[in-house]
Each structure stands twice: as structure tokens, then as C-alpha cells.
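Novice: take this sequence and fold it.
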Amino acid sequence: MLSGSLSHWLRDLGSAVLAQGADTWSDSQLLHAFVTDGREAAFAALVHRHGPMVWQLCRSLAGDTQDAEDAFQATFLVLVRRAGSIRRPELLGNWLYGVAYRVAVRARATAARRRARERDGTAMIAARDNADADRRDLAPVVHQELERLPEKYRAPLVLCYLQGKSSEEAARLLDWPVGTVKGRMSRARSLLRGRLQRRGVALAGVGALLAHPGSVPAALMQGTIEASLRVAAAQGLIAASVSAPVASLMRGELQAMFLSRCKLPLAGALVLLFAAAAWFLASSAASGNEERVAAHAGSAPAQAQADPKQEAAARQQSQKNLRDIAIAMHNYHDAFGSFPPARVVDKNNKPLLSWRVLLLPFLGERELFKQFKLDESWDGPNNKKLLAKMPKIYAPVLDKGAEANTTYYQVFVGEGAAFEGDRGLRITDFVDGTSNTALIIEGGEAVPWTKPADLPYDSKKALPKLGGLFKDRIHCALADGSVVTLKRDFVERAMHTLIVRNDGMVIQFADLVLDK
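Specialist: Just a heads-up that it's a prediction; the model follows:
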């Protein structure tokens, strides 16, 4: 425990530091004073300066007050541990925003799993009935989309909306022309509005939801400073006074940072290794097989290459198809209060029809939908005749030799995935956030479009076959309506995290997304 005199000093530290003029110091100066000279007053000033923004974000995302307090404290504990390695200390607020977002999402997911274990069936039903009240709180949705913006758009929004900087001040910190700041602010607002609209949220402006953070409770502010300085004094050891949830949140974020930092050098080393091996093999083949190379130089390639322009157009079309299908999913959600179930079943739980049929009215195919018998199997006398009427949006964008009236657009079905058996899920069931969960993907093999056949998911088993359309990429629509391009050699662990909607894990998108 801290001594009484030190505790008393910390309680009055905020006003004392400001009285000494530290409010005029930049984030970079304060961080340098703490890291190099161990000046605890400088760290306290940073907590007072950025605490309101972090507190607002934690309250918006974590939900429960105790979970928000744990996330708030864990965020500044991470700052203590990483203070000496922040690449751009003048943009500390933007860095803290990213840390607080990830920590708060993890805190919310952990709390949701805990509450799910504690509730009985009646309480769980009541919680689902009250979900509409939760949806009215738009701040978590806005923060999810803000976090997903490219850095060049997110940074000025954080500076101007969350930290109250003027365009001129933001320009100095970012080392951009003022016109660039204003232009990217405008573009960022436009991107946010578009993404929110795809999620069924109509919002004229985002400023009201991001600005004016509330004050941090005095006890939380003091406790966070004391705990952080204890950790700093203990050279990184967690003091006994830090609660287990806070320590767990801090360790989770530090581990994610460590893995993110390690993967780039490792990837670079592997690239160099494989390049050297390829050069050696190529050189050996050239020196030992000159005659054979000459003999085949004029022959036709073993396999014709796809037309690059045709394939580029097909990729764009598939992305558009996935985006439109995801939007239709959200329109279905608006109409029925949930996404469609993966399949229609009869009273004996026998699968009959695919979600692709249920989505028809929201794809401009209402008349086709009316022709289906929802109590008949997909290959029954009536429904089988409708196979040939497959909407173009489901059709393969490339001729891959698939059977007629089949589609590659499929969903993951299994525990924790966006589709679980025969019930449709609500947006509130996506604890990790819709922008962090796979909704629709290009499957490895085409299936009859009306057949209730998709991608079975089990976290303990190997992933099903994916990406039957393109040789070098896989397109996937996320549950927020956006589309990402995945590389074929993705890290399987990261893919599991993208599929599961409620595991609380931070997705390493660099392990998944193709670097175009």
C-alpha cells in the first residue's frame, strides 16, 4: 500500500500539476518526463487529460459500470507498460483510443459470457426481450465503425471530436496541411454515415455521439493513478491491489500488442528465406537443364491463364453481390427483429430450405419467393422446379465448372458463429461487434442455392473448405455489411476469431486480409 503522505499527494495531484503549468505541456513532453525521469506527476497529468475520453469510450462499449471501470484502469496500466515504445507520442490520444476500444470490447465479451452462465432460462428470455432498448444506444455502434476506419481518417476524428482540438491544432499534431485535415474529416464523416446506414442506423452527424465526454469519477481517477504508479514502481509486476479482471484485461492487450509486433519481422524473414530458396533452385535448374528449357521455350503453357480484366471484373462483382446480400440480411433483421435462420425446418426439425430463399423478398424477388412452399423440401415436387430460377446475385461470377443453379455464397453454421442451427440471431448477439464477425463467405464448393447446405463450424475441428471462386483470394461479408478480401494462406487461429461472434478475442486482421 502507498504511504498516507503519498496517497494524500496523489489525491491533490491533478490540481497541483495544473497549477505548476503542466497543462501547457504537450503529450510528448509529459510522456518523455515520465519515461526518462520517472516524474509521476507527468503521468498523472496524462491520466487527467485523456481520462474523460477513455471513460466515455469504456462506458459506451463495456456497458456495465464495473466492467467500464475495469477497462478504464486496464487501459492506463497498458500505457504504463508501453509508455517507452509509443511510436508517435504527440498522438497519444489516438493511441489510447485504440487501446481503450480493444480493452473495452474484451471486457464486454468476458462479462457477457459470465452473465450467460449465471442467468437461468427466464432471465435469458427477458434479456432478449429488452434487446431493443440496448439497440437505441448508438454510441457503441459509432465507436465500432470509428475504430475500423483507416488511420488517416480515424486520427483527425479522435483529435477533433474526442479531444476537442481545432483543425489547426490537429494539423500541427498530424503534420498535415489544414486543408488535408478538413478534407479527411469530411471523408471520414461520409464513410461513417455510409457504414452506419448499412447497419440500419440513420445518423445525420456523428459529433453529438463522440463529443463532450463526461467527467471521470474522482475515486476511479485516483485509484487508476495509484495502481498505475505501483505497477511502474514494481517494474511491471502486477500489484496485489489490482483486481483479477483488470490484470486479465491488461495482459490480454499486451499479449495482442506483442504478437502484432512480432509477426512483421517474422513474415519478412520467411519471405527472404523462401526467396533465397527459390533463387537457389531456379539457378540450379538453369545450370543443369539448359537443353530442356530450350526444348520447351516455344511450347504452349500447360494451362491457359485467366483473362486478368475478366477476373478483376468478377472480383468486383462478387464483392458487390456479397455486400448486397449482407444489406438484405440487415433489411430482414429490421423486418423480423433478427437475421434469418440458416435453414427452414419442419416440425420434426428436418431441414427444408436455405436462408437464401428466405432472403428473396429483400433482394427484389418477392414474386419468386411466393412460389415456394416453405413446408416442402428444397428438392420436393414444387420447389425443385424453382431451382432454375436462381437470382443472378447468387450465381457464380466465374465459370468454375460448377453444376447449374449452384452458388458459392454460404454462411458458417455452428456454436458461436453468425448462424446457429434453426434460429436467427439479433445484432445484440454479436458481442464482439458486427464489424468483427464473418456473415457470408465464398465457400470452397458450390451448392444448390435452395438447399440448406452451408459451412459447418466447430471450433475444435478444422475449418471447412473455402474460396472456390478465385485462386488467390476469398471474399467475405462481415456482419456490418462491409466486405473484406482474405488471403488464401490466412492464419487459421485468426479465422476462427473472425467466425466466432462472442469470444472476446481481438482479431489480427493482418493475418487475414490480403494486402492489395
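
Novice: CA atoms for contacts and neighbours, from now on please.
Specialist: Fine.

Novice: which one is the spatially most central residue of the chain nearest to, not counting chain neighbours?
Specialist: In the chain, the C-alpha nearest the mean C-alpha coordinate belongs to N436, at 3.2 Å (CA atoms, centre = their mean). Closest residue to N436 apart from its sequence neighbours, by CA to CA, 6 or more residues apart in numbering: L498 at 6.0 Å.

Novice: point out where the stretch 51-200 of the chain drops to low pLDDT.
Specialist: 113-139, 199-200 (pLDDT under 70).

Novice: so which residues of it form strands?
Specialist: In the stretch 51-200 of the chain, no strands are defined using DSSP state E, counting those that start in this stretch.

Novice: and the helices in it?
Specialist: With helices called from DSSP state H, counting those that start in this stretch, the stretch 51-200 of the chain shows them at 65-82, 92-118, 121-129, 131-135, 139-148, 151-157, 167-174, 178-198.

Novice: report the helix or strand with the lowest average pLDDT across the protein.
Specialist: The helix or strand of the chain with the poorest confidence is helix 290-296; it has a mean of 34 (mean pLDDT, DSSP states H and E).

Novice: next SSE downstream of that helix?
Specialist: Following helix 290-296 in sequence order, the next helix or strand is helix 308-336 (DSSP states H and E).

Novice: what packs against that next one?
Specialist: Contacts defined by 3 or more CA pairs under 8 Å, 6 or more residues apart in numbering; DSSP states H and E place helix 308-336 against strand 438-448, strand 473-478, strand 483-487.

Novice: winner for burial among those?
Specialist: strand 473-478 (a mean of 25; mean count of other CA atoms under 10 Å).

Novice: that one versus strand 483-487: what angle between them?
Specialist: 140 degrees (axes from the mean of the first three to the mean of the last three CA atoms, to 10 degrees).

Novice: not counting residues beside it along the chain, what's closest to G416?
Specialist: Leaving aside its chain neighbours, G416 sits nearest to V500 (4.9 Å; criterion: CA to CA, 6+ apart).

Novice: do you know which of the helices of the stretch 51-200 of the chain lies nearest S243?
Specialist: Closest approach to S243 among the helices of the stretch 51-200 of the chain (CA to CA): helix 65-82, 8.3 Å.

Novice: in that closest one, what counts as buried?
Specialist: By neighbour count on 16 or more other CA atoms under 10 Å, the buried set for helix 65-82 is 67-81.

Novice: only alpha carbons, please: show that helix as PDB.
Specialist: The C-alpha coordinates for helix 65-82 follow below in PDB (Å, rounded to 0.1, in the frame of the first residue of the first chain):
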ATOM      1  CA  THR A  65     -20.300   0.300 -14.800                       C
ATOM      2  CA  GLN A  66     -17.900  -2.100 -13.100                       C
ATOM      3  CA  ASP A  67     -16.700  -3.500 -16.400                       C
ATOM      4  CA  ALA A  68     -16.200   0.000 -17.700                       C
ATOM      5  CA  GLU A  69     -14.100   0.900 -14.600                       C
ATOM      6  CA  ASP A  70     -12.000  -2.300 -15.100                       C
ATOM      7  CA  ALA A  71     -11.400  -1.400 -18.800                       C
ATOM      8  CA  PHE A  72     -10.600   2.200 -17.900                       C
ATOM      9  CA  GLN A  73      -7.900   1.100 -15.300                       C
ATOM     10  CA  ALA A  74      -6.500  -1.600 -17.600                       C
ATOM     11  CA  THR A  75      -6.100   1.000 -20.400                       C
ATOM     12  CA  PHE A  76      -3.800   3.200 -18.300                       C
ATOM     13  CA  LEU A  77      -2.000   0.200 -17.000                       C
ATOM     14  CA  VAL A  78      -1.100  -0.700 -20.600                       C
ATOM     15  CA  LEU A  79       0.100   2.900 -21.000                       C
ATOM     16  CA  VAL A  80       2.500   2.400 -18.100                       C
ATOM     17  CA  ARG A  81       3.900  -0.800 -19.600                       C
ATOM     18  CA  ARG A  82       4.200   0.600 -23.100                       C
END
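
Novice: for it, packing partners?
Specialist: Helix 65-82 packs on helix 40-62, helix 92-118, helix 218-233, helix 244-288, going by 3+ CA pairs under 8 Å, 6+ apart.

Novice: tell me the buried residues in the third one?
Specialist: Judged by neighbour count using 16+ other CA under 10 Å, the buried positions of helix 218-233 are 220-232.

Novice: that older thread, any chance of the helices and strands packed on helix 308-336 in TSV, with mean pLDDT too?
Specialist: Below are the helices and strands packed on helix 308-336 laid out as TSV (pLDDT from 0 to 100):
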stretch	mean pLDDT
strand 438-448	95
strand 473-478	94
strand 483-487	91
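
Novice: could I get the ones you listed as a markdown table with distance to D27?
Specialist: Output for the helices and strands packed on helix 308-336, formatted as a markdown table (distance: least, CA to CA, whole Å):
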| stretch | distance to D27 |
| --- | --- |
| strand 438-448 | 38 |
| strand 473-478 | 36 |
| strand 483-487 | 35 |
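
Novice: if we can go back for a sec, any idea which of the buried residues of helix 218-233 is closest to R423?
Specialist: Closest to R423, out of all of these and judged by CA to CA, is L220, at 41.5 Å.

Novice: do you know how far the closest residue to that closest one other than its chain neighbours is from V216?
Specialist: Nearest non-adjacent residue to L220, counting by CA to CA, 6+ apart: E69, 7.1 Å away. Distance, E69 to V216, using CA to CA, to the nearest Å: 10 Å.

Novice: looking at the helices of the stretch 51-200 of the chain, which is nearest to G504?
Specialist: Per CA to CA, nearest to G504 of the helices of the stretch 51-200 of the chain: helix 92-118, 4.7 Å.

Novice: give me the helices and strands touching that closest one, please.
Specialist: helix 40-62, helix 65-82, helix 139-148, helix 244-288.

Novice: again, 7 Å this time
Specialist: Contacts defined by 3 or more CA pairs under 7 Å, 6 or more residues apart in numbering; DSSP states H and E place helix 92-118 against helix 40-62, helix 65-82, helix 244-288.

Novice: hang on, V447 packs against T406?
Specialist: Yes: distance between V447 and T406: 4.9 Å, which falls inside the contact criterion (CA atoms under 7 Å).

Novice: how about F339, phi and psi?
Specialist: Per-residue torsions, F339: phi -70, psi 160 (degrees, to the nearest 10).

Novice: next up, the contacts around it.
Specialist: By CA atoms under 7 Å, 6 or more residues apart in numbering, F339 lies in contact with M329, H330, Y332, H333, G424, L425, R426.

Novice: in those residues, which residue is surrounded by the most others?
Specialist: M329 (27 neighbours; other CA atoms under 10 Å).

Novice: contacting residues around that one?
Specialist: Contacts of M329 by CA under 7 Å, 6+ apart are F339.

Novice: quickly note the distance from it to R473.
Specialist: 24 Å.

Novice: cool, and K384?
Specialist: From K384 to R473 the distance is 33 Å (CA to CA).

Novice: next one: K389
Specialist: Counting by CA to CA, the gap from K389 to R473 is 29 Å.

Novice: also A170?
Specialist: In terms of CA to CA, A170 sits 38 Å off from R473.

Novice: and E69, by the same measure?
Specialist: 41 Å.
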